[in-house]
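Asks: I'd like to go over a predicted model; first the sequence, then the structure.
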Amino acid sequence: MPATTQPVIIIKKKQQHHAGHHGGAWKVAYADFVTALMALFIVLWLMTTSDQLQKSIAGYFRDPKGFGTQTGSSLGGTGESLTITKSNMQLLKAELQENLRKSPEFAKLKDHVLMTVTGEGLRIELLETEKGVFFESGESKPTPLGENLLRQLSAQLGQLKNPIVIEGHTDSKPFDSPSYSNWELSADRANCARRIMQLNGLHPGQVTEVRGFADQRLRLSAHPADASNRRISIVVEYPHEEVPEAAAKPVPVKSATHENQTAKPALIKK
């Protein structure tokens, strides 16, 4: 019998090709490209910012924990004086408000301190009540609360190069005495605030004007006798080169300044 032949078994193995398998190297290259592009945009942006901002950012990368005190970029620091401009006046307002919130007397102050950024600069207004919050009623003598707040503000604002104007305002209630009026009171209170602030942080020459407006610039014109019309306004002005000429000229008003506080009798308003 012929020998039986075994069938030949042929096994074919197909090589599998995985499309797109390049080890992910393209992702690394793409990430490097995006990072470099972002760095380019940041450099271009920095070239258009102020010198002070550039210095603050550089200080952060040198010392992230202590850059505020080293560069003066924080009002709480002890660095060189800053000049606040229109580009960062809102930041000053936010920092002053944050410091006020940290004050142990914040509950008493929160409804009586108003901060507004205007065409002049940052206007900080200390609003009175019928009983008197910052000054004794009808007098230019500050209350302990008022003096403490002025000390606190002067310590912070004294770190700026910006000029400061201090204004005094009253309501429309007249005095009994013909020799002392709202004109004298508004000017005396503004001058008192100036003295306290210059003794507690403001540098010489920083206060450029002390204004007494009496009741000529009421906060609530529809309610001229309202107590909140009595106020001290502290204006942190923009650098004078940033203020248009028309805005830089104050409206002339009559004012009176009594430097000798002890010679004035205590007068109580109606």
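Replies: Arrived safely, thanks for sending.
Asks: the helix or strand in which residue 235 is found packs against which elements?
Replies: Taking DSSP states H and E as the definition, residue 235 sits inside strand 231-237. Secondary-structure packing of strand 231-237 (3 or more CB pairs under 8 Å, 6 or more residues apart in numbering; DSSP states H and E): strand 121-127, helix 144-157, strand 164-169, helix 182-199. To be clear about C-beta, it is placed using only N, CA and C from the backbone, and glycine gets the same treatment.
Asks: phi and psi next, for residue 116.
Replies: Note on residue 116: its backbone torsions stand at phi -140, psi 130 [degrees, to the nearest 10].
Asks: contacting residues around it?
Replies: Contact analysis of residue 116 by CB atoms under 8 Å, 6 or more residues apart in numbering lists 122, 123, 125.
Asks: quick one: buried ones out of those residues?
Replies: Buried subset of the contacts of residue 116 (neighbour count, 16 or more other CB atoms under 10 Å): 122, 123, 125.
Asks: need those in CSV (columns: pLDDT and distance to residue 38).
Replies: CSV is the format used below for these (pLDDT from 0 to 100; distance: CB to CB, whole Å):
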residue, pLDDT, distance to residue 38
122, 97, 34
123, 97, 39
125, 97, 43
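Asks: right, so of the helices and strands packed on strand 231-237, which gets closest to residue 208?
Replies: Ranking the helices and strands packed on strand 231-237 by distance to residue 208, with CB to CB as the measure, places strand 164-169 first at 6.2 Å.
Asks: angle of that closest one against helix 182-199?
Replies: Strand 164-169 and helix 182-199 are oriented at 150 degrees to each other (axes from the mean of the first three to the mean of the last three CA atoms, to 10 degrees).
Asks: any idea of the mean pLDDT in strand 164-169?
Replies: Strand 164-169 comes out with an average pLDDT of 97.
Asks: partners of that strand, with directions?
Replies: Partner strands for strand 164-169, per DSSP bridges, with pairing direction: strand 207-212 (parallel), strand 231-237 (antiparallel).
Asks: tell me which residues of the host helix or strand of residue 97 are tucked away?
Replies: Under the assignment given by DSSP H and E, the secondary-structure element containing residue 97 is helix 89-101. Within helix 89-101, the residues that qualify as buried by neighbour count (16+ other CB under 10 Å) are 89, 92, 93, 96, 99, 100.
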